[in-house]
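Peer 1: My questions are about this predicted structure, shown below with the sequence.
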Amino acid sequence: MGYQLERLKTGEGCVAVGEERLREEIDRLLRQDGPRFSRLWAYYRNPLRICTVGAGEGGAERPYRQAQEWGLPSRITGLRSGREVFAGEQVDGVSRKEVVIENDIGWRIDTMVDYLFGKPLVIASAAPDEKRRELIGALVRAIVARNGGILFLQQLALMGTVYGFVDVLVKVEECAGEVGAEMPAGAPLQQGPCGRQDLGEPPATGVGGSVGGGGVGGGSVGGSVEGE
């Protein structure tokens, strides 16, 4: 079955990507980027795998291996690391030492995500026109609400921290206009899984355009949504 690329068009009506380039990018994702992303996620989660302890590994009392051992030298692990996290080649004459790993990376990242999106933030458009500014702001807040609210933002922060980037695809359904026309003006926001303040509305007692946030300290998050 061929790709339906004619549906992916730019603002000028041209096809956004050709079939040949799409296949090349998919192949690159599967062969190069995919394994690298898998290692990054494993390094964050640090899962373990049960393994047997050989007769010559008397000092290795822990019958398991952890993902973060992938970055340790072979003189300690007894393995020459491969492309996959738990795929390694045994090094002759080198016995596995007692490897102790404290996963500081995982809880530090989780703490940072909680700090960044521990409390509601304000989403405000920077469009010069007042009506357009209100419309863009309400639309962005509705999108965030329909996709989980603060949880959605926390997931974005987590993936962005682990992988170094995160992409968000906003898909416009053809029936969205018809459904929106039949709903009250405030319904798209009120029917979301979180409150209006969680969607980026400034608090009733707040001053200015930012809200202090953070589950650990008194940090703040500021941002704007551009509109033409």
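Peer 2: Perfect, I can see it now.

Peer 1: Quick one: the helices in this protein, in order.
Peer 2: For the chain, the helices defined by DSSP state H cover 19-28, 34-45, 74-77, 104-116, 130-146, 150-163, 176-182, 187-190.

Peer 1: need those in CSV with distance to residue 7, mean pLDDT and mean neighbour count, can you?
Peer 2: For glycine as for every other residue, the C-beta is placed from the backbone atoms N, C-alpha and C. Listed next are the helices of the chain as CSV, based on distance: least, Cβ to Cβ, whole Å; pLDDT from 0 to 100; neighbours: other Cβ atoms under 10 Å:
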stretch, distance to residue 7, mean pLDDT, mean neighbour count
helix 19-28, 13, 86, 11
helix 34-45, 25, 90, 15
helix 74-77, 49, 84, 15
helix 104-116, 34, 88, 15
helix 130-146, 20, 87, 17
helix 150-163, 25, 90, 17
helix 176-182, 16, 54, 9
helix 187-190, 25, 48, 16
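
Peer 1: Show the pLDDT at the closest residue to residue 103 other than its chain neighbours.
Peer 2: Excluding its sequence neighbours, the residue lying closest to residue 103 (Cβ to Cβ, 6 or more residues apart in numbering) is residue 46, at 4.4 Å. Here, the pLDDT recorded for residue 46 equals 88.

Peer 1: And residue 31, by the same measure?
Peer 2: 89.

Peer 1: Tally up the residues packed near it, please.
Peer 2: 9 (other Cβ atoms under 10 Å).

Peer 1: and what of residue 85?
Peer 2: The tally of other residues near residue 85 (other Cβ under 10 Å) stands at 23.

Peer 1: Of the helices of the chain, which is nearest residue 92?
Peer 2: helix 74-77 (10.6 Å; Cβ to Cβ).

Peer 1: Can you name the residues in contact with that closest one?
Peer 2: Outside helix 74-77, the residues that touch it by Cβ atoms under 8 Å, 6 or more residues apart in numbering are 65, 69, 80-81, 88, 91, 94, 96-97, 99.

Peer 1: now these: which count as buried?
Peer 2: 65, 69, 81, 88, 94, 96, 99 (16 or more other Cβ atoms under 10 Å).

Peer 1: Sitting in strands, which of the residues you listed do you find?
Peer 2: 65, 81, 88 (DSSP state E).

Peer 1: To residue 52, which of the helices of the chain lies closest?
Peer 2: Going by Cβ to Cβ, the one of the helices of the chain nearest residue 52 is helix 74-77, 14.8 Å.

Peer 1: What about residue 6, how many residues nearby?
Peer 2: Neighbours around residue 6, by other Cβ under 10 Å: 7.
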